[in-house]
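Student: Can you look at this prediction? I've put the sequence above it.
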Amino acid sequence: MAQGQSPIILWFRRDLRLSDHPALTAAVETGRPIIPVFILDDLAQQMGAAPVWRLGLGLEVFERSLSQIGSRLILRRGNALGQLQQLISETGAKSVYWSRAYDPEAIERDTLVKSTLGTQDVRAKSFAGHLLFEPWTVATKAGQPFRVFTPRWRAVQGQEVSVADAPPTRLPAPTHWPVSDDLEIWNLGAAMNRGGRFVRRYVKPGEKAALDHLDGFLDRVSRYSNDRDSLGLDGTSNLSEYLSLGEIGPRTAWHTVQRAGMMGVSGTEAFLRQLVWREFAYHLMFHTPRLLTGNWKPEWDGFPWTTDPDHPDVVAWRQARTGIPVVDAGLRQMYVTGRMHNRARMIVASYLTKHLMTHWGIGMDWFADCLIDWDPAANAMGWQWVAGSGPDASPFFRIFNPQTQQDRFDPDGAYVRRWIAENQTEPSDTALAYFDAVPRSWGMRPDAKYPKPVVALSDGRRRALAAYECRKSQ
């Protein structure tokens, strides 16, 4: 089949949308038939229980979106290169397009795909789309990657963000469609067990839901600076899960909020700054991939963190039974909704890494299993930032005091009451849901007494500071 009439395989990954999609736009502009494909390869199957379950919901909605514009989503399972080669053989495709990924394993996979297909007379081309700025396009005056956020924020403030592409109204279909797997047979929610039934109440997957969330956020963006840290308020954008799976493009979020600012709405810069924090996480992961697996600051390699995931203190933390209400509330919110308030994430992470002196990797892996908005770069940077081993300009001894944090960001106790049932005469449905959402093997009961702190806050702080001083003297 000649190049001009051959289909293009459009390989979707974490970009389950039709608008703001450069690879899709480029494919449509060729006028050639397009075969949308999603491959459940090893990297996708390695995701934790909650994110892979959420992926399944996203794929289900995306299948319907494609059908509405005369197309369909071909599902395949197995090695990415092997499945693409099989599809090329079946369809006569001469081109494969995809949106870039930036974690080291995905880069290795995509590099192999591109080089191998290139030797087989197939054009393999990757496109931007997951970020506002490609990691190699933003550098210090000396041409080096940024290591601190604020200078990077200043560096991109004056850069132009290209306008998001409009969604196509139709996709040209091939003469014959290749065989597709059945999404239901993949059973992507298996590892969620009974927890999925509860989390599902809080999830609205898909591009339309993402755009609706963005529109709703515009009604409260003027309060974003003040409200985003308040645990009891709906003060955040709630876009993280959509950005993670690419159900909304970052350019769409950027320009929508920026336009509101140009029309006089206050608070927009604070949100745009948070989008660039996301970019900073990817910048760090791309330039220093050890962020995902080891201390970003190598001098922390000898720090005496606990590395036993089954240590009793770690188990108590994982089960949201630390005896510190705001810590347990954050974890319980995650088990019931699949998400956790960003301020709570910092408190929960600080308590594990500082008060319980536990290695950040244990918490990072647990979040990767439990969060529906899991993002490899943001999760790793967040944990290392709080632990002190990452790109935080503040020293290790900045230790969040959970009680002080609760007094400041949940002064009326609404957040804690929403998620902690023990000691309440009439606990809320959300607080009671924790006991049904978590594994039965944990043996949790709402009539049990709330535990005493596994580590007193003052003792935990003293221990962390002593370890820090010891490390400095070595």
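Tutor: It's in.

Student: Would you mind listing where the stretch 251-400 of the chain has pLDDT under the threshold?
Tutor: Residue ranges of the stretch 251-400 of the chain with pLDDT under 70: 393-397.

Student: Could I get the full set of helices for it?
Tutor: Listed in chain order, the helices of the stretch 251-400 of the chain (DSSP state H, counting those that start in this stretch) span 268-287, 312-318, 325-337, 342-350, 360-370, 376-387.

Student: Adding mean neighbour count and distance to residue 299 as columns, could you present the ones you listed in a markdown table?
Tutor: For glycine as for every other residue, the C-beta is placed from the backbone atoms N, C-alpha and C. Formatted as a markdown table, those follow (neighbours: other CB atoms under 10 Å; distance: least, CB to CB, whole Å):
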| stretch | mean neighbour count | distance to residue 299 |
| --- | --- | --- |
| helix 268-287 | 21 | 17 |
| helix 312-318 | 18 | 24 |
| helix 325-337 | 26 | 28 |
| helix 342-350 | 23 | 20 |
| helix 360-370 | 21 | 15 |
| helix 376-387 | 24 | 13 |
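
Student: Export those as a markdown table, with columns for distance to residue 412.
Tutor: Formatted as a markdown table, these follow (distance: least, CB to CB, whole Å):
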| stretch | distance to residue 412 |
| --- | --- |
| helix 268-287 | 24 |
| helix 312-318 | 25 |
| helix 325-337 | 13 |
| helix 342-350 | 15 |
| helix 360-370 | 27 |
| helix 376-387 | 25 |
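
Student: I'd like to know which of the ones you listed is closest to residue 459.
Tutor: Relative to residue 459, the nearest member of the helices of the stretch 251-400 of the chain by CB to CB is helix 312-318, separated by 11.9 Å.

Student: Quick one: list the elements packing against that closest one.
Tutor: Contact here means 3 or more CB pairs under 8 Å, 6 or more residues apart in numbering; DSSP states H and E; on that basis helix 312-318 packs against helix 325-337.

Student: The helix it packs on: how far from the chain's middle?
Tutor: Relative to its parent chain, helix 325-337 has a centroid offset of 18 Å by CA atoms, centre = their mean, to the nearest Å.

Student: any idea of the angle that helix forms with helix 360-370?
Tutor: Relative orientation of helix 325-337 versus helix 360-370 (axes from the mean of the first three to the mean of the last three CA atoms, to 10 degrees): 30 degrees.

Student: So which elements touch helix 325-337?
Tutor: helix 195-199, helix 312-318, helix 342-350, helix 360-370, helix 402-409, helix 414-419, helix 429-437.

Student: Pull out the buried residues from stretch 464-472.
Tutor: 464, 467, 468 (16 or more other CB atoms under 10 Å).

Student: cool, stretch 412-431 as well?
Tutor: Those would be 413, 415, 416, 417, 418, 419, 420, 421, 422, 427, 430, 431, for stretch 412-431 by 16+ other CB under 10 Å.

Student: which residues does the first one contact?
Tutor: The reference is to residue 413. Contact analysis of residue 413 by CB atoms under 8 Å, 6 or more residues apart in numbering lists residue 406.

Student: so what's the backbone phi/psi at it?
Tutor: Backbone torsions of residue 413, given as degrees, to the nearest 10, read phi 70, psi 10.

Student: Show me the domain layout of this structure.
Tutor: As recorded under automatic domain parsing, the domains making up the chain are 8-129, 131-161+205-287, 298-473.

Student: Could you dump the ones you listed into a markdown table with distance to residue 178 added?
Tutor: Shown next, in a markdown table, are the domains of the chain (distance: least, CB to CB, whole Å):
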| stretch | distance to residue 178 |
| --- | --- |
| domain 8-129 | 5 |
| domain 131-161+205-287 | 23 |
| domain 298-473 | 30 |
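
Student: For residue 175, which of these is the nearest?
Tutor: domain 8-129 (7.4 Å).

Student: quick revisit: quick one: which of the buried residues of stretch 412-431 is nearest residue 247?
Tutor: residue 430 (24.9 Å).

Student: so the closest one touches residue 419, yeah?
Tutor: Yes - with contact defined as CB atoms under 8 Å, residue 430 reaches residue 419; the gap is 6.2 Å.

Student: Name the residues contacting each of those two.
Tutor: residue 336.

Student: Stretch 138-156: how far from the chain's middle?
Tutor: 23 Å.

Student: Show me which residues of it are buried.
Tutor: Neighbour count says stretch 138-156 has 138, 146, 147, 149, 152, 153, 155, 156 buried, by 16+ other CB under 10 Å.

Student: how about the strands in this structure?
Tutor: 8-12, 34-40, 74-77, 95-99, 123-127 (DSSP state E).

Student: Check these for me and report the most buried one.
Tutor: strand 8-12 (a mean of 25; mean count of other CB atoms under 10 Å).

Student: Tell me how many other residues crowd residue 184.
Tutor: Neighbourhood size, residue 184 [other CB atoms under 10 Å]: 9.

Student: Offset the numbering so it begins at 830, please.
Tutor: In the new numbering, first residue 830, that becomes residue 1013.

Student: Look at it and report its pLDDT.
Tutor: Confidence at residue 1013, expressed as pLDDT, is 97.

Student: any chance you could map the helices in the stretch 880-1029 of the chain?
Tutor: Using DSSP H, counting those that start in this stretch, helices in the stretch 880-1029 of the chain cover 909-920, 933-947, 978-986, 1012-1015, 1024-1028.
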